[in-house]
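Engineer: I would like the atomic coordinates for the input below:
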Amino acid sequence: MSAQFNYDKDGQTYGSYRKTDQRIAAYVEKAIGEAQTVLNVGAGTGSYEPKDKYVISVEPSKTMRLQRAQKNKAPAVIGTAENLPFDDDSFDASMAMITIHHWGDMEKGLQELLRVSKGRVIVMTFDPDALDIFWNVNYFPEVVQAEKERYPSVKFIMDVLGGNCEIITIPIPIDCADGFQEAFYGRPEAFLDKEIRNNQSAWGFVSEEEELHGVQLLKEELESGEWDRKYGKYRTQPFFEGALRLIVAEAKEGK
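Structural biologist: Numbers count the residues shown, from 1 in each chain. This next block holds a predicted model:
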């Protein structure tokens, strides 16, 4: 399966639905620590970029770059993770937020993060081995399978980054501002909204028939009360620990 999702074609409203959640951002900011110069690769519209650091962003999609202004973010450099236009050890730290699964060569991209970083490399991603924890696998199995095939294993990321890594499971708040799939663990009606699905790239890797079948099943079970009988506890559960991971590597040790 190709890992490429066409954000120039399908990402026009991404910035409106995929926003920084400050509780998740706190984990990123703690991982960045004392670093003053930070590179954000596959930066998209700028979510999770720290406001108190000197941040340089790299983003290949014009559509995503143009949306940065709506979030009062600085313009991004045009480029890809696999060929970063910076010298060795140019930044105190580098970050890649829910982007690695879009890279054409994930190993090369991670190696580039190590090359340009003097300190930490911070990767936010989803653990493909934990995606079945979320109830959506019972409604959208094709979507979950697509995600499993796209996301690299945590072990792969650790191995490329040199093994000296801390793996943090990030608890997702029930009113999460970032519109990825697990963000709606307690708000299932969100999946009936086509715009919300359009801003979750996994839906671009399943057929329209598969998508509509799952959405219809969820709609019926919400209307009948079956979803609440099965999963209603999630409506009031303040946090959900699913597949969201923060991998923090010491770049100097990885070189």
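Engineer: skip the chain neighbours and tell me the closest residue to the spatially most central residue of the chain.
Structural biologist: Centroid-nearest residue in the chain, with Cα atoms, centre = their mean: I98, separated by 2.2 Å. Counting by Cβ to Cβ, 6 or more residues apart in numbering, I98 lies nearest to M124, which is 5.4 Å off, once chain neighbours are set aside. Where you see a C-beta, it was placed from the backbone N, CA and C, and this is true even at glycine.
Engineer: now stretch 115-124 - C-alpha only, PDB.
Structural biologist: Output in PDB follows, covering the C-alpha atoms of stretch 115-124 (Å, rounded to 0.1, in the frame of the first residue of the first chain):
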ATOM      1  CA  ARG A 115      21.900  14.200  11.300                       C
ATOM      2  CA  VAL A 116      20.600  17.700  11.700                       C
ATOM      3  CA  SER A 117      20.000  17.500  15.500                       C
ATOM      4  CA  LYS A 118      22.400  18.100  18.300                       C
ATOM      5  CA  GLY A 119      20.100  16.900  20.900                       C
ATOM      6  CA  ARG A 120      16.700  15.100  20.900                       C
ATOM      7  CA  VAL A 121      14.600  13.800  18.100                       C
ATOM      8  CA  ILE A 122      10.900  13.700  19.100                       C
ATOM      9  CA  VAL A 123       8.400  11.600  17.100                       C
ATOM     10  CA  MET A 124       4.700  11.600  17.700                       C
END
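Engineer: okay, strands next: where are they in this structure?
Structural biologist: 37-41, 54-58, 93-97, 120-126, 165-169, 172-173, 239-240, 244-250 (DSSP state E).
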